[in-house]
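Chemist: The sequence isn't on hand, but the structure is:
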């Protein structure tokens, strides 16, 4: 069974990956938009690439 949780991207995608790693999570999910707001957080490709790399290294 895979168990994960919602992780805030308040500190970026890399920050979310680090939080998941600190929880020993095997998976995590983040939402780019708060359902109570109309705006979507600006996508940061560099941050997403860093997140991708740390996930590859730690899994």
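Modeler: That came through, no problem. What you see is a predicted model, and the numbers here were worked out from it, not measured in a lab. Numbers count the residues shown, from 1 in each chain.
Chemist: List the contacts of the lowest-mean-pLDDT helix or strand in the chain.
Modeler: Comparing helices and strands within the chain by mean pLDDT, DSSP states H and E singles out strand 5-6 as the least confident, with a mean of 78. Contacts of strand 5-6 from elsewhere in the structure, counted by C-beta atoms under 8 Å, 6 or more residues apart in numbering, are 20, 23, 25, 28-31. Where C-beta positions appear, they are placed from N, C-alpha and C, glycine not excepted.
Chemist: Restricted to strands, list these.
Modeler: Taking DSSP state E as the definition of strands, those contribute 28-29.
Chemist: looking at the contacts of strand 5-6, which has the most residues close by?
Modeler: For the contacts of strand 5-6, neighbours were counted by other C-beta atoms under 10 Å; the highest total belongs to residue 20, with 22 neighbours.
Chemist: Quick one: residues contacting that one.
Modeler: Taking C-beta under 8 Å, 6+ apart as the contact definition, residue 20 lies against 4-5, 7, 27-28.
Chemist: Ok, residue 55 next?
Modeler: Under the criterion of C-beta under 8 Å, 6+ apart, the contact partners of residue 55 comprise residue 17.
Chemist: Look at it and give its secondary structure.
Modeler: helix (DSSP: H, G, I helix; E, B strand; the rest coil).
Chemist: quick one: it and residue 46, what's the gap?
Modeler: Distance of residue 55 to residue 46, given as C-beta to C-beta, to the nearest Å: 15 Å.
Chemist: Without its sequence neighbours, what residue ends up closest to the residue nearest the centre of the chain?
Modeler: The residue lying closest to the centre of the chain (C-alpha atoms, centre = their mean) is residue 16, at 3.6 Å. Using C-beta to C-beta, 6 or more residues apart in numbering and skipping the chain neighbours, the partner closest in space to residue 16 is residue 7 (4.3 Å).
Chemist: Residue 40 too?
Modeler: Distance criterion C-beta to C-beta, 6+ apart; nearest residue to residue 40, sequence neighbours excluded, is residue 33 at 4.7 Å.
Chemist: What distance do you get for that neighbour to residue 52?
Modeler: Distance, residue 33 to residue 52, by C-beta to C-beta: 20 Å.
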